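[1] Here is my input, please return the structure:
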Amino acid sequence: MKRTNIALIVLAVTVIIVASGTIINIRMVDTITNDLETAISNIENGNKNNAEYYTRSAINSWESMLNILTMFNSHDKTDNIDQCLHIAETDLKNNETNLFLEEGQRTIILLRHLKDMEYPTPQNIL
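    Numbers count the residues shown, from 1 in each chain. Here you go, the predicted model:
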């Protein structure tokens, strides 16, 4: 009986850890995506200063979350997103607004894909 109880406790702790990891990843990706969408909206409205602020905010959030995200996700995916974020920032600094818009949208797509991979669907499990 004690073994069964211990096994149930270990199972419950494992489920809690996995669920909290999923929730943390989803919230982190949403924060970064919102910042990038705001930056894109600002650049489309001609407000480069705000776009730079939100782009930097997205990168800061990404860098602070990267250690946690790499625990739960493929390094290839996170490296690709990291590269896209920094390319977008460089494009913005160089006044390449069209390239910034393209790279920003690409980054958002990659972030959404990363977020979609967090949901426990049969496709993601298998």
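[2] need the longest helix for this protein.
    Assignment by DSSP state H gives helix 2-44 as the longest helix of the chain.
[3] which helices and strands does the helix or strand following it pack with?
    Next along the chain after helix 2-44, taking DSSP states H and E as the criterion, comes helix 48-72. The contact analysis (3 or more C-beta pairs under 8 Å, 6 or more residues apart in numbering; DSSP states H and E) places helix 48-72 against helix 2-44, helix 75-93, helix 97-116. Placement of C-beta: from N, CA and C, glycine included.
[4] could you redo these as CSV and give each row distance to Arg56 and mean neighbour count?
    Below are the helices and strands packed on helix 48-72 laid out as CSV (distance: least, C-beta to C-beta, whole Å; neighbours: other C-beta atoms under 10 Å):
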stretch, distance to Arg56, mean neighbour count
helix 2-44, 9, 14
helix 75-93, 7, 17
helix 97-116, 13, 18
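[5] Which of these sits closest to Ile59?
    helix 75-93 (5.3 Å; C-beta to C-beta).
[6] contacts for the closest one?
    Defining contact as C-beta atoms under 8 Å, 6 or more residues apart in numbering, one finds that helix 75-93 is touched by 36, 39, 43, 48, 51-52, 55-56, 58-59, 62, 66, 69-70, 97, 99-100, 103-104, 106-107, 110-111, 113-114, 117.
[7] where does the protein have low pLDDT?
    Across the chain, residues meeting the criterion (pLDDT under 70) sit at 72, 118-121, 123-126.
[8] And Leu99, how far from Trp62?
    19 Å (C-beta to C-beta, to the nearest Å).
[9] got it, and Val10?
    33 Å.
[10] what does Lys2 give?
    45 Å.
[11] which non-adjacent residue is nearest the residue nearest to the spatial centre of the chain?
    Centroid-nearest residue in the chain, with C-alpha atoms, centre = their mean: Val29, separated by 3.2 Å. Using C-beta to C-beta, 6 or more residues apart in numbering and skipping the chain neighbours, the partner closest in space to Val29 is Lys115 (4.3 Å).
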